[in-house]
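[1] One predicted model, sequence on top.
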Amino acid sequence: MASFSERMAPVLVLWLAVCLGATWAVDRGNFKTCDQSAFCKRQRALKPGESPYRALLETMELTNTRLTLQLINDNNKVRLLLELYRLQGNITRVKINELKPLKPRYEVPDVLIRDPPTEPLSVLSQDENGVVLSLGAESQRVIVSVRPFRLDIMEGHDVLMSLNSRGLLAFEHLRMRKDTFSYKVTSTVASVWDNVKRVFSSQADPEAENKEETDAANQAEPTKEEEEKAEEGMWEETFKSHSDSKPNGPSSISLDFSLPGVEHVYGIPEHADDLKLKTTDNGDPYRLYNLDVFQYELYNPMALYGAVPVMLAHNTQRTTGIFWLNAAETWVDISSNTAGKTVFGKMLDYVQGSSEIPQTDVRWISESGIIDVFIMLGPTAKHVFSQYASLTGTQSFPPLASLGYHQCRWNYNDQEDVRSVDAGFDEYDIPYDFIWLDIEHTDGKRYFTWDPHKFATPKEMLQGLVDKRKKMVAIVDPHIKVDSNYKIHNEIRSRGFYIKNKDGGDYEGWCWPGNAGYPDFTRTDMRAWWASMFAYDQYEGSMENLYTWNDMNEPSVFNGPEVTMHKDAVHGVWEHRDVHNLYGLYVQMATADGLVQRSGGVERPFVLTRAFFAGSQRYGAVWTGDNAAEWDHLKISIPMCLSLGLVGISFCGADVGGFFKSPSPELLVRWYQTGAYQPFFRAHAHLDTPRREPWLFGPENTALIREAVRQRYTLLPYWYQQFYHAYRTGEPVMRPLWVEYPQDPATFAVDDEFLIGQNLLVHPVTEEGSRGVTAYLPGKEEVWFDIHTFQKHNGAQNLYIPVTMSSIPVFQRGGSIIPRKMRVRRSSSCMEHDPYTLYVALNTRGLAEGELYIDDGHTFNYEKKEFIYRRLSFSNHVLSSVNLVPDSHFTTNSWVERIVIIGSSKPAKITLKTADGNESQLEFDFDASMSVVTVRKPSMNVGEDWTVTLQ
């Protein structure tokens with residue numbers, strides 16, 4: 001007889017489908033505001049300018065690697081330990097913890113790729129008011145002020161950043177609850193012992209009173225004032241019907257940062273909001289707490305699926321970054337002294353000689369853990385990217401095929417459905433690389449299995465895709481069906497790998513299978529076991545062309561508080577509240593490791609995750625979750641992916657067409673045109689929506705979608721090269737204009753267009769019924785060329801572009817060379833040996849340069865320098881190809897079949913000289929109306945040295 005959970009699972013799924021289908025909108029009442037989050041409310045009630053913290057200079061110790069200094073809270077005498085590090089690469093690290101906590105406080109592991117290397121600090125000066133330390137580079141120094149405690153980081157006469165300048169440092173020390181029996185016994189014994197000590201020590205030790213102050217601080221006892229201020233929610237908290245037992249009591253932390261001269265801050269994804277972060281004075285702070293939010297609302301600071309606690313600050317002189325390494329629920333307040341001022345108001349200030357310098361103040365508030373913050377001092381955005389990458393790693397280098405098009409839906413019904421959809425792409429001549437299977441492919445939502453009726457012969461299905469050089473992704477979620485006949489569940493339970501509830505039993509909650517357990521991915525041994533389950537002999541029916549999708553890994557718990565796990569669930573010695581935002585990263589980490597291990601360490605993995613944290617870039621791709629088929633959701637995909645790129649996660653995309661609801665043909669076409677120019681390109685749709693394969697909307701729309709997808713495939717060499725660059729440097733693939741034009745204020749808030757690398761500017765059409773868009777082309781000395789027409793436009797202008805339904809406004813920067821493959825086939829693998837066309841766009845000085853990167857597209861052999869990496873340059877009418885890595889070794893059959901030189905005058909003749917010294921004359925055409933030279937069939941191998949000379 002079926003278990004209760006088995007019988008109820010279909011009912012649960014039906015109920016969810018009805019609720020989602022009926023509402024199609026987030027129920028905000030399911031998610032907390034700051035006022036409903038007790039620690040956020042307490043912290044936000046603190047008033048600026050009343051800091052109780054004082055630095056105790058007599059406790060300062062300076063070694064080769066760090067400075068330590070005690071801080072004391074003059075209200076309750078609790079002492080903190082400040083650790084200050086100067087790190088290599090112009091980074092300053094600040095850690096603050098309790099000097100002697102009642103028990104250890106959580107410090108985030110596994111996010112930093114190594115223990116950051118330090119450089120020595122030195123004392124420049126010291127008096128009773130503070131100490132000045134040298135940070136080495138360019139007269140940089142940090143000033144530690146005593147009362148109140150404050151840190152100022154300076155360069156020359158300029159303050160780059162201040163910590164606790166508003167006095168909002170707050171550290172709720174761990175303490176025993178006063179109404180417990182253990183507290184009463186302990187406090188009684190301690191009181192008697194204190195009286196005994198006081199009698200003897202006051203006679204023998206003239207400094208006894210000072211020592212008592214220290215002892216009191218170390219005991220971390222709340223003062224009478226604190227007791228009176230004890231608020232509801234400090235020791236237990238209720239939200240809706242859910243109770244949080246809070247066995248450790250209040251433990252939140254807070255620190256404020258002031259950024260003089262800054263009006264623009266970015267980052268702290270994931271939020272469905274503009275690229276430039278807004279001030280939060282009149283609303284909730286931005287929230288970082290990974291949550292499963294159905295069809296999220298736009299333009300608000302609500303938490304979404306992922307959390308990266310990294311913020312960038314930018315002005316015309318400098319870019320800096322703040323990395324707040326804390327995995328607990330976090331809120332970020334932003335205020336600005338220029339917020340709300342119109343352009344006219346700012347001009348009036350200038351005319352009237354106002355001396356007020358723009359300033360942005362940021363305050364971070366976390367529920368538990370310690371303060372561990374990395375201050376990245378730039379000075380440029382690319383320096384900040386490099387600094388952050390040195391801490392958390394770079395974007396993993398994905399398989400080339402994963403940069404192609406992905407076709408997904410909840411759900412393709414069976415193997416015949418998969419075969420039919422695959423055949424449809426061939427019939428309509430639309431390329432794709434991956435077809436996806438959602439949860440219905442499994443045997444009753446038991447992951448690592450296949451439905452025995454609908455997917456009875458998965459290897460046959462996968463082999464059919466292999467034969468056509470295509471691939472599949474299947475979903476593997478981290479909630480495990482509680483079923484004694486399910487191997488995965490039995491293994492996890494027998495090994496004790498499930499997360500525990502507060503009472504010590506296995507934590508269980510409701511998700512797609514019904515009653516489910518949640519593996520403790522914070523455990524190294526659990527992750528190793530999970531990885532082993534992807535082996536071909538463990539994951540029955542899997543093959544080398546099957547990859548993985550981790551969804552619901554916030555984790556999603558349908559009957560939990562805020563649709564997630566109870567905070568007092570237990571991971572070993574830690575509460576879930578300490579580790580919550582890490583869970584998704586750990587799931588993706590273990591899954592990616594499994595895909596690598598199954599191939600013996602040879603093949604690169606592809607893993608898509610919904611939940612993420614700092615460092616998730618090392619393990620694969622993310623997407624923006626359960627969006628909707630609405631024009632505003634199409635628009636918001638741009639700033640959402642731009643924000644992720646700024647904090648290291650380049651492999652980002654949105655569900656093309658929208659997950660919920662049904663797009664109009666116009667919206668669907670425009671979404672394909674936008675998605676084709678975003679890093680992760682996947683169409684996806686909800687179970688209850690009508691089918692929307694690209695050929696189902698009539699011949700005209702099919703042709704438009706086909707053209708958008710084909711444009712993606714022609715540019716795969718450039719995309720692949722950009723991801724290699726991101727892997728090496730940490731720079732985003734899809735980036736805001738201000739990153740490349742940091743001194744142009746007109747770019748600072750632009751988020752309806754973007755750059756791919758340095759050289760392609762994209763302004764998608766995201767307005768319904770649009771007949772034209774206005775794109776900002778940056779760079780006073782730049783020229784830009786429409787990639788479709790080769791029309792030339794000057795930089796530093798707003799350009800109105802008339803559009804039709806076929807228009808995708810994309811521009812190549814003058815001064816660049818972009819490789820493309822113009823022979824589009826049914827998948828990227830089918831194009832492996834195809835020839836290249838080089839698009840050479842000349843700048844105003846007749847120069848251009850670019851790169852070409854080629855490897856096998858799927859293994860880790862590039863780590864052994866098995867690749868082609870060449871510099872392409874055009875100067876003095878000569879186009880040349882030079883090896884950038886002379887000791888690299890890789891060969892290709894691909895050749896150059898065409899060179900298109902844009903912005904050129906007509907040459908008399910064109911000659912080719914190859915590496916062996918042979919010279920030959922080349923055929924060419926010249927279009928005088930567009931100043932374009934097209935060199936036909938030069939036919940040299942792309943991996944060799946050569947020069948092409950225009951005479």
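    Cool, the structure landed.
[2] Please tell me I have it right and Ala592 contacts Pro605.
    Yes: counting by CB atoms under 8 Å, Pro605 is a contact partner of Ala592 at 4.5 Å. Every C-beta, even on glycine, is put in place using the N, C-alpha and C of the backbone.
[3] correct me, but Gly321 touches His314?
    No: in this structure, Gly321 is not within contact of His314 by CB under 8 Å, at 9.6 Å.
[4] picking that back up, between Ala592 and Pro605, what contacts are shared?
    396, 619-620 (CB atoms under 8 Å, 6 or more residues apart in numbering).
[5] Tabulate the residues you listed in a markdown table, adding columns for pLDDT.
    Output for the shared contacts of Ala592 and Pro605, formatted as a markdown table (pLDDT from 0 to 100):
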| residue | pLDDT |
| --- | --- |
| Ser396 | 98 |
| Tyr619 | 98 |
| Gly620 | 98 |
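[6] next one: stretch 284-299 to chain centre, how far?
    Its chain's C-alpha centre and that of stretch 284-299 lie 15 Å apart, by CA atoms, centre = their mean, to the nearest Å.
[7] now do stretch 733-750
    A distance of 19 Å separates the centroid of the chain from that of stretch 733-750, by CA atoms, centre = their mean.
[8] Also stretch 234-253?
    29 Å.
[9] go on, stretch 619-632?
    Taking CA atoms, centre = their mean, one finds stretch 619-632 lying 13 Å from the centre of the chain it belongs to.
[10] repeat for stretch 99-114
    That offset, for stretch 99-114, works out to 23 Å (CA atoms, centre = their mean).
[11] Can you give me the end-to-end span of it?
    End-to-end distance of stretch 99-114 (CA to CA, to the nearest Å): 25 Å.
[12] Just the buried positions in it, please.
    Neighbour-count burial for stretch 99-114, counted by 16 or more other CB atoms under 10 Å, picks out 99, 101, 105-106, 108, 111-112.
[13] Residues contacting it, please?
    Stretch 99-114 is contacted by residues 70, 79-81, 97-98, 173-176, 217-218, 220, 248, 251, 325-328, 368-370, 372, 391-393, 574, 578-579, 582, 585-586, 589, 613-615, 618 when judged by CB under 8 Å, 6+ apart.
[14] Which among these count as buried?
    Among the contacts of stretch 99-114, those buried by neighbour count (16+ other CB under 10 Å) are 70, 79-81, 97-98, 173-176, 217, 220, 248, 251, 325-328, 368-370, 372, 391-393, 574, 578-579, 582, 585-586, 589, 613-615, 618.
[15] From those, which land in strands?
    If you go by DSSP state E, these have 70, 79-81, 97-98, 372, 574 in strands.
[16] quick one, what contacts Arg363?
    166, 168, 254-257, 285, 332-334.
[17] Make a markdown table from those residues and add neighbour count and pLDDT to it.
    Output for the contacts of Arg363, formatted as a markdown table (neighbours: other CB atoms under 10 Å; pLDDT from 0 to 100):
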| residue | neighbour count | pLDDT |
| --- | --- | --- |
| Arg166 | 21 | 98 |
| Leu168 | 24 | 98 |
| Ser254 | 23 | 98 |
| Leu255 | 23 | 98 |
| Asp256 | 23 | 98 |
| Phe257 | 25 | 98 |
| Pro285 | 23 | 98 |
| Val332 | 24 | 99 |
| Asp333 | 23 | 98 |
| Ile334 | 21 | 98 |
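[18] Which one of those is nearest to Asp414?
    Proximity of the contacts of Arg363 to Asp414 (CB to CB) peaks at Val332, which lies at 46.3 Å.
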